[in-house]
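Engineer: Got a sequence here, can you build the structure:
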Amino acid sequence: MQVLLVEDDQTLFQELKKELEHWDFFVTGINDFSAVMETYEAAKPEIVIMDVQLPKYDGFYWCRKIRQVSNVPILFLSSRDNPMDQVMSMELGADDYMQKPFQTNVLIAKLQAIYRRVYEFGAEEKRTLNWQDTIVDLSKDSIQKGETVIYLSKTEMIILEMLIQKQNQIVTRDTLITALWDDEAFVSDNTLTVNVNRLRKKLADIEMDTQIETKVGKGYMAHE
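Structural biologist: All right, here's what the predicted structure looks like:
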């Protein structure tokens, strides 16, 4: 698995690189923190590990840049004890978030879980779902309505797929949280709400945002 490790603390970088390579990850680092995108494009990573606090521009800035061109999984690391960092990472489309200090074996487990969810699922035969007058392409994380195509993050697609598979039925918040993250201690109601709001915002581009209904105190429902 090719990993881009965007970490300016060289001691931590070398420790993580050594541990990741022990688990057969191929690790690329950053030499010029003003040119993260150039390294990203050259490395073509399957997963990005991104520190929040970086020289020049912070990790959120580079996450935005990456999300303009790719849905590659991004896992944030942060030494700041600020819940808003976690919320911000979810709003920007990150797949996970870990606060320093952390256990390396937990990081490895999260990376492996993300890889299974994203790439083993993506390697399956192309699958599509019909939802009202849209075509949902699970292999491309896209929704097409007429000539308009919108693209979702992996997290947003998992939420939408679960709702579509249970059209006109309530999918509980706990069910969605369990599907999204293996480590439920990481997930809060707030982070799930952020992801659903981001999904609705994208669906508004094809006038489908009102087709996902909030059932207060229960969960969400996609209209058939």
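Engineer: Only C-alpha atoms from now on, for both contacts and neighbour counts.
Structural biologist: Fine.
Engineer: excluding its backbone neighbours, what's nearest residue 17?
Structural biologist: Nearest residue to residue 17, sequence neighbours excluded (C-alpha to C-alpha, 6 or more residues apart in numbering): residue 27, at 6.2 Å.
Engineer: Buried residues in the helix or strand harbouring that neighbour, which are they?
Structural biologist: Residue 27 belongs to strand 26-28 when elements are defined using DSSP states H and E. Along strand 26-28, these residues count as buried under the neighbour rule (16 or more other C-alpha atoms under 10 Å): 26, 27, 28.
Engineer: Adjacent strands (with direction) for that strand?
Structural biologist: strand 2-6 (parallel) (DSSP bridges).
Engineer: what's the single longest helix in the protein?
Structural biologist: Assignment by DSSP state H gives helix 189-203 as the longest helix of the chain.
Engineer: Buried residues, that one. List them.
Structural biologist: Here helix 189-203 shows 191, 192, 193, 194, 195, 196, 198, 199, 200, 202, 203 as buried, counting by 16+ other C-alpha under 10 Å.
Engineer: ok, the fourth one - contacts?
Structural biologist: Spelled out, it's residue 194. 87, 90, 91 (C-alpha atoms under 8 Å, 6 or more residues apart in numbering).
Engineer: how far away is the residue nearest to the spatial centre of the chain from residue 160?
Structural biologist: With distances taken as C-alpha atoms, centre = their mean, the residue of the chain nearest its centroid is residue 95 (2.7 Å). Counting by C-alpha to C-alpha, to the nearest Å, the gap from residue 95 to residue 160 is 16 Å.
Engineer: Residue 222 - how many residues pack around it?
Structural biologist: Using other C-alpha atoms under 10 Å, residue 222 is surrounded by 23 other residues.
Engineer: Touching, it and residue 164? I think so.
Structural biologist: Yes - the pair residue 222 and residue 164 qualifies as a contact (C-alpha atoms under 8 Å) at a distance of 6.0 Å.
Engineer: now residue 51: how far from residue 141?
Structural biologist: Per C-alpha to C-alpha, residue 51 is found 26 Å from residue 141.
Engineer: State the mean pLDDT of the longest helix of the chain.
Structural biologist: When pLDDT is averaged along helix 189-203, the result is 89.
Engineer: ok, the residue nearest to residue 201 when sequence neighbours are not counted - contacts?
Structural biologist: Nearest non-adjacent residue to residue 201, counting by C-alpha to C-alpha, 6+ apart: residue 209, 6.8 Å away. Residues in contact with residue 209, defined by C-alpha under 8 Å, 6+ apart, are 200, 201, 202, 203.
Engineer: helix or strand right after the lowest-mean-pLDDT helix or strand in the chain?
Structural biologist: Here the helix or strand of the chain ranked lowest by mean pLDDT, DSSP states H and E is helix 121-122, holding a mean of 52. Downstream of helix 121-122, the next assigned helix or strand under DSSP H and E is strand 128-131.
Engineer: which helices and strands sit right next to the following helix or strand past that following strand?
Structural biologist: Counting by DSSP H and E, the element after strand 128-131 in chain order, helix or strand, is strand 134-137. Counting contacts by 3 or more C-alpha pairs under 8 Å, 6 or more residues apart in numbering; DSSP states H and E, strand 134-137 packs against strand 128-131, strand 142-145.
Engineer: can you pull the buried residues of the first one?
Structural biologist: Put plainly, it is strand 128-131. Per 16+ other C-alpha under 10 Å, strand 128-131 contains these buried residues: 128, 131.
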